[in-house]
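Novice: Below is the sequence, then the predicted model.
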Amino acid sequence: MATPRVFIIRHGETEWSLNGRHTSTTELPLTANGEKRILATGKALVGDDRLIVPRKLAHIYVSPRLRAQRTLELLQLGCRQRLPWKESRKPEDEEPIRTEAQVEVTEAIREWDYGEYEGLKSPEIRELRKEQTGDGSWDIWRDGCPGGESPSDIVRRLDALIAEIREKYHKPYMEQIQSQNQKDDRTEPKGDILIVAHGHILRAFATRWIGKPLTDTALILEAGGVGTLSYEHHNLDEPAIILGGGFIVES
């Protein structure tokens, strides 16, 4: 029995991600190397015999930030739908249609709002806090960002998105799979979800996916990185993070 998955992809490298500056609302392009690496990731991981199978995608969520949208473009999924930020779709002979999944731009996965810390590096934030309060410690998962978002703000919007994914896409998928197993129906349902967003928000998403508090976050997702989330025992009540097994190629 197939189990639906959520693929989380962090946007490609920018100048600020390269030098460690916190980037939320600031619009930055991908670097040339960032674009090159995302293209390589798409070729390596997207395809009928690869990790992300376009025809199995039920829905695609993408951040409002341009760096995330450019990353989705470079993955070359072959969406039938015109990308929401484009005036027209690429000609079919340039990018063959490989998925019927709808692309949704949503604030639910915009990056953590860093507020007063936008554009600063972590050491600079700690030095600033030391000057302001005498305490130079800072943990975004515990402290959040003044003028921006708190951990509770992040939990609220991510938990709502996770609930939507499970109720709208994964629950019906699991029910359809179970029904087909009983009827021997060969029609292939679509249950996988793709999310293209940012470092902190995707690390928080993975943590909340398995029901842990943000203070338990011990995950790293580098620029252009890909993660896979799913369930144990085909059970929606047992959310899990997939490790190396997510890269096994089916024969």
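Specialist: Sure thing, it's come through.

Novice: make it CA atoms for all contacts and neighbour counts henceforth
Specialist: Fine.

Novice: list the contacts for I38?
Specialist: G12, T71, L74, L75, G224 (Cα atoms under 8 Å, 6 or more residues apart in numbering).

Novice: how far away is G20 from A223?
Specialist: G20 is 11 Å from A223, where distance means Cα to Cα, to the nearest Å.

Novice: Also H59?
Specialist: For H59, the distance to A223 - Cα to Cα - is 22 Å.

Novice: Find the least confident helix or strand in the chain, judged by mean pLDDT.
Specialist: Across the helices and strands of the chain, the lowest-confidence element by mean pLDDT, DSSP states H and E is helix 171-183, at a mean of 83.

Novice: In that helix, which residues are buried?
Specialist: K171, Y173, M174, Q176, I177, Q180 (16 or more other Cα atoms under 10 Å).

Novice: before we move on, what about stretch 9-17?
Specialist: I9, R10, H11, G12, E13, T14, W16, S17.

Novice: farthest-separated two in those?
Specialist: I9 and W16 (17.6 Å; Cα to Cα).

Novice: where does the chain dip in pLDDT?
Specialist: Applying pLDDT under 70 to the chain flags the ranges 1, 91-94, 181-186, 244-251.

Novice: cutoff 80 now
Specialist: 1, 89-95, 180-188, 244-251 (pLDDT under 80).

Novice: Among the buried residues of stretch 9-17, which lie within helices?
Specialist: If you go by DSSP state H, these have W16, S17 in helices.

Novice: Tell me which of the buried residues of stretch 9-17 fall in strands.
Specialist: When DSSP state E is applied, these are split such that I9, R10 fall in strands.

Novice: Most distant residue from the centre of the chain?
Specialist: Distance from the centre of the chain peaks at G134, with 36.3 Å (Cα atoms, centre = their mean).

Novice: That residue and A197: what is the separation?
Specialist: Distance of G134 to A197, given as Cα to Cα: 34 Å.

Novice: likewise D159?
Specialist: 16 Å.

Novice: So which of these two has more stuff around it?
Specialist: A197 (29 against 16; other Cα atoms under 10 Å).

Novice: so that one makes contact with A108?
Specialist: No: here A197 does not reach A108: they are 9.9 Å apart, not a contact under Cα atoms under 8 Å.

Novice: what is in contact with the two at once?
Specialist: In contact with both A197 and A108: S63, using Cα under 8 Å, 6+ apart.

Novice: what's the closest non-adjacent residue to R157?
Specialist: Excluding the flanking residues, the one nearest R157 by Cα to Cα, 6 or more residues apart in numbering is A108, at 5.8 Å.

Novice: Ramachandran coordinates for the one you found?
Specialist: Main-chain dihedrals, A108, degrees, to the nearest 10: phi -60, psi -30.

Novice: Report how many residues lie close to it.
Specialist: With neighbours defined by other Cα under 10 Å, the count for A108 comes to 19.

Novice: Same check on P29?
Specialist: So P29, with other Cα under 10 Å, has 18 neighbours.

Novice: Excluding sequence neighbours, find me the nearest residue to it.
Specialist: Nearest in space to P29, with sequence neighbours left out and distances taken as Cα to Cα, 6+ apart, is R67 at 5.7 Å.

Novice: Hmm, that neighbour is touching H11, no?
Specialist: Yes: between R67 and H11 there is a contact at 6.1 Å, judged by Cα under 8 Å.

Novice: anything in contact with each of the two?
Specialist: Joint contacts of R67 and H11 (Cα under 8 Å, 6+ apart) do not exist.

Novice: hmm, who's touching the least confident helix or strand of the chain?
Specialist: By Cα under 8 Å, 6+ apart, helix 171-183 touches M1, A2, T3, P4, R186, P189, K190, G191, H234, L236.

Novice: now that we have those, which one has the most neighbours?
Specialist: G191 (26 neighbours).

Novice: how close does it sit to E175?
Specialist: Taken as Cα to Cα, the span from G191 to E175 is 11 Å.
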